[in-house]
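>>> fold the following for me, if possible:
(one chain, ligands or ions: 2)
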Amino acid sequence: MAVTQSVAGTLFCKFRGKKGNDVKLTDSVATLPGVGPKRLAALAALGIDTIESLLTYYPFRYEDLSVKPLNELTDQEQVTLKGIVAAPPTLTHFGRRKSRLNFRLLIGQDIVPVTFFNQPWLQKSVAADAPLMVYGRFDAKRMALNGMKIIGTNPDDPMAPIYPANANIRQTTIRQLIVAAWEQYQTAIEAIIPPAIVAHYHLMDRRQMIHDMHFPADSDAASQARRSAKFEEFFLFQIRLQALKHRDQTQQGIAINYDNEQLKRLISTLPYELTGAQKRVVNEICLDLKRPIHMNRLLQGDVGSGKTVVAALVMYAAITGGFQAALMAPTEILAEQHANNLQAIFDGFPVNIALLTGSTKAAARREILPRIENGEINLIVGTHALIQDTVNYHQLGLVVIDEQHRFGVGQRQALREKGMNADVLAMTATPIPRTLAITSYGEMDVSVIDELPAGRKPVTTRWIKDAQIDSAVQFVKAQLAAGHQSYVVTPLIEESEAVDMRNAQAIYERFSTLFSPTYQVGLLHGRMRNDEKEAVMTAFKAKDFQVLVATTVIEVGVDVKDATVMMIYDADHFGLAQLHQLRGRVGRSDQQAYCILIADPKNEYGVQRMEVMTQTNDGFVLSQKDLELRGAGDVLGKKQSGVPDFKVGDPVADLTMLSVAQQEAKKLTDDADWQTQPTNQVLVHYLNAQSDHEYMFD
Ligand code: ADP
Ligand code: MG
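Ligands and ions are numbered 1, 2, ... in the order given. Just a heads-up that it's a prediction; the model follows:
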């Protein structure tokens, strides 16, 4: 560690004031001198109410005021120079407001010209032949300094902290309050992270850390302190998350004693061998089903990794244990497709499937609902119609949510409540970047299918400009001649289904002409009725036509094995996750598949996304990239991402530290007695005292 306690102690001995026995970090900032109602409100707006929150209101950067030798400076570096003022300064005025103050600083053998613009009052601080320290931007070519601030002869802080401030409270006020708080409360700062962890990761002692965040001796001390502060923030966050998870798990859940022999028999009838990853996650989920705790598990698997069959197997397990299972999909097309697939998988097995969507006719509902209520129907597939009040289950044991990111938080919760203690398996094909998996989904257990079925070839992706469409059309023709099929996705116009449809219509007509009379073209858009969409998909699967022009209706889940080309218009209008989903519609067999992105991106960000798409097929890499390019809030929408606002840590940039903190928090809380162990007392006390400041979860 760069700075020891004793060095910091001598530097700031003047702050060593009252003994801290009677003061607590939970005291209000109102106890500090000069904090009245007005200032209290201004501080509250910055999230500062207690001494703790003030002391952890960290600077976001520092101005390094330590003096450096001239020959070590680089151009435009911000530095402090120390020298003797060579001659009286000159002040020149331009008009009424503008001015320039010039003087020369003698540093050893060198003379450095210093200029201050528009700060005429500084003239009185610059006396000829006196020593002076000046902070500013160094111009290496002219060997001159563009002055920013006069420091005098003896700087208080070698590193000047800069705090986020606002119009109601100034930088200097915040600084004064922090100095006062440090003076009165430093002895009340206790170590909250267990000593073994502090030692193992070479973290700073908490008091030293807070000290060095506000009063670092040099930039090394500042960055060491920041590293410790980040760890603390991530660790505390993870402890809360793990505690939440343990609370979830100790809630009385149901133990599903499934019949392993029957499950094996179903597996043996599948037309293919399960991948290793599929077997592993089926085991993970089944273990959870058996335990009398509430399962809250996320199943991640890239598009085409075969999540549906995993869902089918574990739902069957629940059914053999005497429970009902439900599968909820985000769209009717998808729900219908699932119902059909499941019907085929369960052919010959004692499973009664019902499909329940918004367009299920009243008569059919009247017939289905009582049979769900009396348990005769044991597998219910549908859209969010599943969670309507009129649906009563007999004994719902497992709920599977497909494409879970498509559902609002509220809908997920409603289903959870509907099923009372039913175990929940949320599936997602939008790979969740590690950052989000650790933060937003941190309270869930995660199973990952990280292997595609054997024989799949990675989709070859090309990015072309609008002007090159003709060659792309030639390419599609060649694929069709080889007996394949192609998707053409039309431009996405945000918020306007009507415009989307007109666009799709136009492209449909153009392609019909282009391919006529050899090949047929079909059209699918959001304005069509569900039975119309269904009919189009069925016809495409049956190869009644070879090219399907579609809006993003086809984005999720649809499965047509002979389709080998995915052509996407205005690809730069889509997010990376969405492009990856669309691309996942092809390459679902052992035939080589292609994705053609048509785009003339308007900005660098668009160019980057097109390039990333051509470079990788790995959904995890893509989603992490998406997060980096756009920031966490935008990937799933600010509300849904649930990524908390960390104060010092950056969950994307500091991912490694975040996962280390997660592991440590997990290790700690996995011990059932952690809260009563002596080494954790301060931590437990701290968490309880801070409960008002808890991060919000969905
Ligand atoms: P996703 O994970 O994207 O939902 P699906 O469950 O739709 O993927 O599966 C994609 C395709 O792969 C389906 O046609 C499915 O029948 C097939 N499939 C699933 N598992 C295997 C496997 N182990 N071997 C071969 N094909 C498989
Ligand atoms: Mg799927």
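
>>> show the contacting residues for residue 390.
Taking CB atoms under 8 Å, 6 or more residues apart in numbering as the criterion, residue 390 is in contact with 365, 369. Placement of C-beta: from N, CA and C, glycine included.

>>> and it, what element?
With elements taken from DSSP states H and E, nothing contains residue 390; it lies in neither a helix nor a strand.

>>> can you pull the contacts of residue 312?
Applying CB under 8 Å, 6+ apart to residue 312 gives the contacts 341, 342, 345, 346.

>>> list the buried ones in the longest helix seen in the chain?
Longest among the helix segments of the chain by residue count, using DSSP state H, is helix 219-250. Under the neighbour-count criterion of 16 or more other CB atoms under 10 Å, helix 219-250 has 221-222, 224-243, 245-246, 249 buried.

>>> just the ones of the contacts of residue 312 in strands?
Within those, no residue falls in strands by DSSP state E.

>>> out of the residues you listed, flag the one nearest to ligand 1.
Proximity to ligand 1 was ranked across the contacts of residue 312 by CB to the nearest ligand atom; first place goes to residue 341, at 7.5 Å.

>>> which residues of the stretch 201-350 of the chain lie near ligand 1?
Within the stretch 201-350 of the chain, the residues that sit near ligand 1 (CB under 6 Å from any ligand atom) are 272, 274, 275, 278, 301, 303, 304, 305, 306, 307, 308, 309.

>>> what residues does the protein put near ligand 1?
Counting by CB under 6 Å from any ligand atom, the residues of the chain close to ligand 1 are 272, 274-275, 278, 301, 303-309, 429, 453, 559, 588.

>>> what do you get if the cut-off is 8 Å, keeping everything else the same?
With the criterion set to CB under 8 Å from any ligand atom, the chain comes near ligand 1 through 270-275, 278, 301-311, 341, 402, 427, 429, 449, 453-455, 557, 559, 561, 584, 588-589.

>>> what residues go with each domain of this structure?
1-58+162-189, 66-152, 194-250+654-698, 260-449, 460-616 (automatic domain parsing).

>>> lowest average pLDDT across these?
Looking over the domains of the chain, mean pLDDT reaches its minimum on domain 1-58+162-189, with a mean of 78.

>>> quick one: the helices in the stretch 351-500 of the chain?
Listed in chain order, the helices of the stretch 351-500 of the chain (DSSP state H, counting those that start in this stretch) span residues 362-373, 409-418, 434-438, 469-481, 497-515.

>>> name the helices or strands packed onto the fourth one?
In other words, helix 469-481. Applying 3 or more CB pairs under 8 Å, 6 or more residues apart in numbering; DSSP states H and E, we find helix 469-481 packed against strand 485-489, helix 497-515, strand 563-568, strand 594-598.

>>> in JSON lines: these, plus mean neighbour count.
Rendered in JSON lines, the data for the helices and strands packed on helix 469-481 read as follows (neighbours: other CB atoms under 10 Å):
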{"stretch": "strand 485-489", "mean neighbour count": "25"}
{"stretch": "helix 497-515", "mean neighbour count": "16"}
{"stretch": "strand 563-568", "mean neighbour count": "25"}
{"stretch": "strand 594-598", "mean neighbour count": "24"}
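
>>> relative to residue 101, which of the ones you listed is closest?
Of all the helices and strands packed on helix 469-481, strand 594-598 sits nearest to residue 101, with 56.8 Å by CB to CB.

>>> contacts for the helix or strand just after the closest one?
The first helix or strand that comes after strand 594-598 along the chain, using DSSP H and E, is helix 604-615. Contacts to helix 604-615, defined as CB under 8 Å, 6+ apart, come from residues 461-463, 571-572, 575-576, 579-580, 583, 595, 597, 599, 601, 622, 625, 629.

>>> now list the buried members of the residues you listed.
Going by neighbour count (16+ other CB under 10 Å), these have 461-463, 571-572, 575-576, 579-580, 583, 595, 597, 599, 601, 622, 625 buried.

>>> of the residues you listed, which is the nearest to residue 216?
Ranked by distance to residue 216 (CB to CB), the buried ones among the contacts of helix 604-615 are led by residue 625 at 34.0 Å.

>>> name the nearest residue to that closest one, ignoring sequence neighbours.
If you skip the residues right next to it in sequence, residue 625 has residue 612 as its closest partner in space, 5.3 Å away by CB to CB, 6 or more residues apart in numbering.

>>> so how many other residues sit close to that neighbour?
By the other CB atoms under 10 Å criterion, the neighbourhood of residue 612 contains 18 residues.

>>> buried residues of the helix or strand encompassing residue 278, list them for me.
Counting by DSSP H and E, the element that carries residue 278 is helix 276-290. Within helix 276-290, the residues that count as buried by 16+ other CB under 10 Å are 277, 278, 280, 281, 282, 284, 285, 286, 288, 289, 290.

>>> thanks a lot, catch you later.
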